[in-house]
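Okay, sequence plus prediction incoming.
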Amino acid sequence: MTRPAGHTVWDVVDTLVTGVAFGLIGLELHNALNTASGRWGELLGWWAVRTRPGPARW
């Protein structure tokens, strides 16, 4: 198999894997949103605490 053909095969595989991953995330998104229903304030608070910038570590 030549290099361009090899790259094409891996591009197709990459596209298929990405599509499957997005499909699985889409299937779980409905359940995740139902679970989080009514708890958005709590979730945003935890997100803010978790993602706040900390001191620079050199």
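On my side now, so go ahead. Numbers count the residues shown, from 1 in each chain.

average model confidence for the one helix or strand L27 maps to?
Secondary structure from DSSP states H and E places L27 in helix 3-36. Across helix 3-36, the average pLDDT comes to 89.

Show me what counts as buried in it.
By neighbour count with 16 or more other Cβ atoms under 10 Å, helix 3-36 contains no buried residues. To be clear about C-beta, it is placed using only N, CA and C from the backbone, and glycine gets the same treatment.

how far out from the middle of the chain is it?
10 Å (Cα atoms, centre = their mean, to the nearest Å).

what separates the residue positioned nearest the centre of the chain from A32, distance-wise?
Central residue of the chain (Cα atoms, centre = their mean): I25, 7.6 Å from the mean position. Plainly put, I25 is 9 Å away from A32 if you go by Cβ to Cβ, to the nearest Å.

Check G41 too.
17 Å.

same question, P4
41 Å.

swap in L16?
24 Å.

Repeat that for R39.
For R39, the distance to A32 - Cβ to Cβ - is 11 Å.

What of T18?
For T18 relative to A32 (Cβ to Cβ), the value is 20 Å.

L43 too?
Counting by Cβ to Cβ, the gap between L43 and A32 amounts to 11 Å.

Right, I'll leave it there.
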